[in-house]
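Chemist: let's see this in three dimensions:
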Amino acid sequence: MCEPFGKIGCRRTWDVRTPGKPVIQCSNDPLLGGDPTKHNPEDLLLASLSACHMLWYLHLASKAGIAVTGYEDTPVGVGETSPNGAGRFLSATLRPAIRVRRGADLAVADALHARIHEYCFIARSVNFPVSYEATYLEEQ
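Modeler: Numbers count the residues shown, from 1 in each chain. Next up is the predicted model:
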């Protein structure tokens with residue numbers, strides 16, 4: 001629904017509603033007058049890439065016998081804007097900080113990332129490269 005808002009016509013906010021799930025409040029990019037406290041489409045795309053990568057990583061790590069005890073990501077997207085205002089992503093870099101049990105084979109743990117692009121629905125669907133820069137911390 002378009003909520004009237006001053007001279008711009010409609011407020012640039014909306015809610016993502018999926019039955020039975022929490023509402024996600026959204027706005028457009030703050031550079032375009034959006035609310036910086038709300039998610040924008042670019043945030044959501046990076047979050048989707050990150051989540052898909054994480055879920056496949058956890059699955060493949062489990063199958064490889066690597067016990068992951070923690071996983072946090074701070075993805076970064078690189079984009080460009082044309083003179084007419086049209087924008088696009090040029091690349092995304094996932095930067096997971098992964099905690100594993102002491103004794104895990106870190107070479108195997110790292111090699112799993114390359115396999116994820118064979119499976120991740122989101123990464124396989126975008127038209128820009130998605131890379132990763134993982135770090136590891138061994139825990140007891």
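
Chemist: what's the burial count for the closest residue to residue 137 other than its chain neighbours?
Modeler: Spatial nearest neighbour of residue 137, excluding adjacent residues (CB to CB, 6 or more residues apart in numbering): residue 99 at 4.9 Å. Where C-beta positions appear, they are placed from N, C-alpha and C, glycine not excepted. Close neighbours of residue 99, defined as other CB atoms under 10 Å, add up to 16.

Chemist: strands along this structure, start to end?
Modeler: Secondary structure of the chain by DSSP state E: the strands cover 4-5, 9-10, 13-16, 24-27, 68-73, 76-81, 87-94, 96-101, 130-132, 135-139.

Chemist: closest to the centroid, which residue in the chain?
Modeler: Closest residue to the average C-alpha location of the chain: residue 47 at 2.5 Å, with CA atoms, centre = their mean.

Chemist: show the contacting residues for it.
Modeler: Contacts for residue 47 (CB atoms under 8 Å, 6 or more residues apart in numbering) come out as 39, 75.

Chemist: for it, give me the pLDDT.
Modeler: Note on residue 47: pLDDT of 97.

Chemist: report the contact partners of the closest residue to residue 44 other than its chain neighbours.
Modeler: The shortest distance from residue 44 to any non-neighbouring residue, by CB to CB, 6+ apart, is to residue 26 (7.4 Å). Contact analysis of residue 26 by CB under 8 Å, 6+ apart lists 13, 14, 15, 16, 38, 39, 40, 41, 44.
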